[in-house]
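**Student:** Below is the structure, and that's it, no one-letter string:
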C-alpha cells in the first residue's frame, strides 16, 4: 500500500489509510532511532530543501534530523538571510532552488495555502507542509497521534481535548482533521473569542467553555500555545486572566479525579496556558512528542520519496 | 506448479537445518539467530524453537530484522516496512542470518548493511531453506542449506508456512 498523495499539504487531503501507513512506518523508524547507528540509507539519492519563511526551532531541527537520518542531502533556507528581502517571489525562489536538482521541498510559511500554491505550480516535486499560517501543521498532528497511540493504544474512541487558542492554531486544525478521520472524539475549550464558530460548525464539534468540565471529559488534553504574534486585536484581557481561567495547573488536574495525558506542541508559555509543574510532570508527554517527531517526519519523507520517483 | 517439499519433508528439513546450526558449536553464549523480514521470520522462529528444545536452553538469542530501508530498489518498487526486534547486542557475536529462499542475493546484501548498524559481529553466516542456484546477482552464498534447487530466474519458489509446503511455480 502507498500514500494516495504526492505531497503532504494537510491532513485534510489524507485518507485514514494514509494516516495509518504513516503511523505504522513511523513505528519502524522509531526503532531505527534506538540503534547504535541511528541512520538508514533509504534517501541517499534525494536532496531536500527546508524552506523556512517563518521562525521555528523544533520543526526545523526535527525535519533536518529526519532527513539526515534517512541519508538525504539537505539545504536550509531561512527567508531572513536570503534574496527574499530583495523582492524575489516565492515561486522564483523555489524554481531557482529546484533547478539545482533538489527533489523535495519542506516549507513553513506565514501565508495559509502557500504550500498548496507551490504544489499546483510544481506538481512533480514533493511538497511537505511544515506549517502554513493558521491553516495546517500536518506533521505535528501526525506526531501527536503517534504519541497518543504510543501512550494509550488506538486512537479510535479516544476523547481528545484541545485547549486554548484554537483560532490561530494550525496545530488545532490539523489535529481536528486527523482525530475525526481516525475515529477519536474531539472537544474544544478556551475563551469564546479564541474558538471561531465556523470551526465548531464545520466539524460538528463539542465546545466546553468550563475548562474543569472539559478536562473531566477527556482522556488526552492537548494544550495549545497562545499565539500572541498572530493576534492583532485584544481577544482576552491579560495573560494573567487567561492563566486563571484556562491555564492548566496541577491543582486543577488533581481536582478532576483521574489521570489524563497532557500534551503541548511547543513552544511553551510557562505560567500562561500551562504551569511548569504540569509541563514537567509525569502525566506530560511533551518531550516524547518531540522525540516522536523525528520518526514521524522520517516516515512522511520516506513514503513521499517513494512516490516521487515513480511518477 | 511442482511441490518441492511436502509437509513431512519440510519439517524434517527444518529439523536437520537446526541440527546443523548446532553442530557449528558455541551455542548459546556466543551465537545469535536473526530472521530476515518478512519471509525469513517463520523459518527462523521454527529453528529457534527446535534449538531451544535440542539444547534444553530457553535463553537463546533470537531476533528479527527488517531490511526495507536498506533495499537497493526503493525507487522502483514500494515495500511496506516491517518490525525489527533485536533486543541484544551483536557486538563480537556470531550472527546466523536466516531466510527462507536465497534467490538474487539482494535481500542478503541489504541485510548485511542493516546488520552493521547494530554493531560489529565477529562473524556472519547465512542459513536458508531453499538455495536457488544460478540465479544470483551478487556474490553471496549460504553456509547452511535446506535444499538446493536449479531454477530459471522467471520461475518462483514459494514456501507456504500455512500448509507447510515448498512449491515451484
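**Tutor:** Thanks, I have the structure now. Bear in mind the structure is a predicted one, so any value in this text is a computation, not a measurement. Numbering: from 1, shown residues only, chains lettered A, B, ... in the order given.

**Student:** the strands in the chain, which residues?
**Tutor:** No chain was given, so I picked chain A. A:47-52, A:73-78, A:104-109, A:126-132, A:159-163, A:185-189, A:206-207, A:220-223, A:261-263 (DSSP state E).

**Student:** Switch to chain B, please.
**Tutor:** Using DSSP E, the strands found in chain B span residues B:2-5, B:31-36, B:61-65, B:94-102, B:123-133, B:144-150, B:157-160, B:165-168.

**Student:** out of the ones you listed, nearest to chain A?
**Tutor:** Closest to chain A of the strands of chain B is strand B:61-65 (Cβ to the nearest Cβ; 10.5 Å). Quick note: C-beta positions are derived from backbone N, CA and C, even for glycine.

**Student:** Residues in contact with that closest one: which ones?
**Tutor:** Contact with strand B:61-65 is made by B:28, B:31-37, B:41, B:44-45, B:48, B:83-88, B:93, B:97, B:111, B:114-115, as judged by Cβ atoms under 8 Å, 6 or more residues apart in numbering or on different chains.

**Student:** could you redo the last one with a cut-off of 6 Å?
**Tutor:** B:32-37, B:41, B:48, B:84-86, B:88, B:114 (Cβ atoms under 6 Å, 6 or more residues apart in numbering or on different chains).

**Student:** now do stretch B:17-27
**Tutor:** If you take Cβ under 6 Å, 6+ apart as the criterion, stretch B:17-27 is touched by B:47, B:50-51, B:144, B:146.

**Student:** Compare the mean pLDDT across the strands of chain A and name the weakest.
**Tutor:** Lowest mean pLDDT of those: strand A:73-78, a mean of 91.

**Student:** That one pairs with which strands, parallel or anti?
**Tutor:** strand A:47-52 (parallel) (DSSP bridges).

**Student:** Run the chain-centre distance for the strand it pairs with.
**Tutor:** Relative to the centre of its chain, strand A:47-52 is centred 17 Å away, using Cα atoms, centre = their mean, to the nearest Å.

**Student:** Ok, stretch B:98-116 next?
**Tutor:** Distance, centroid of stretch B:98-116 to centroid of chain: 8 Å (Cα atoms, centre = their mean).

**Student:** that older thread, and the two most separated of the contacts of strand B:61-65?
**Tutor:** Across the contacts of strand B:61-65, the longest distance by Cβ to Cβ is 19.2 Å; it joins B:48 and B:114.

**Student:** These two: which is more packed in?
**Tutor:** Between residue B:48 and residue B:114, counting by other Cβ atoms under 10 Å in any protein chain shown, residue B:114 is the more crowded of the two (27 against 20).

**Student:** So that one sits against residue B:69, correct?
**Tutor:** No - at 7.6 Å, residue B:114 does not count as touching residue B:69 under the criterion of Cβ atoms under 6 Å.

**Student:** so where is chain B shaky, pLDDT-wise?
**Tutor:** B:26-28 (pLDDT under 70).

**Student:** Which positions in it make contact with chain A?
**Tutor:** Chain B comes close to chain A at residues B:69, B:74-75, B:78, B:81, B:84, B:117-119, as judged by Cβ under 6 Å from any Cβ of the partner chain.

**Student:** Most neighbours of all those residues, which one?
**Tutor:** Ranked by neighbours (other Cβ under 10 Å), those are led by residue B:69, which has 26 neighbours.

**Student:** Spit out the contact partners of that residue.
**Tutor:** Per Cβ under 6 Å, 6+ apart, neighbours of residue B:69: A:40, A:42.

**Student:** Which residue comes closest to residue B:108 once chain neighbours are left out?
**Tutor:** With sequence-adjacent residues excluded and distances taken as Cβ to Cβ, 6 or more residues apart in numbering or on different chains, residue B:108 is closest to residue B:140, at 4.9 Å.

**Student:** same check, this time on residue A:210
**Tutor:** residue A:189 (7.7 Å).

**Student:** neighbours around the one you found, how many?
**Tutor:** Using other Cβ under 10 Å, residue A:189 is surrounded by 26 other residues.

**Student:** Isn't it up against residue A:215?
**Tutor:** No - using Cβ under 6 Å, residue A:189 makes no contact with residue A:215, being 8.0 Å away.

**Student:** Measure how buried residue A:273 is and give me the count.
**Tutor:** Residue crowding around residue A:273 was assessed by other Cβ under 10 Å; the count is 24.

**Student:** What separation is there between it and chain B?
**Tutor:** Going from residue A:273 to chain B by Cβ to the nearest Cβ, to the nearest Å gives 36 Å.

**Student:** What segments of chain B are helices?
**Tutor:** B:7-23, B:40-55, B:106-116 (DSSP state H).

**Student:** Which of these sits closest to residue A:262?
**Tutor:** The closest of the helices of chain B to residue A:262 is helix B:106-116. By Cβ to Cβ, the value is 36.7 Å.
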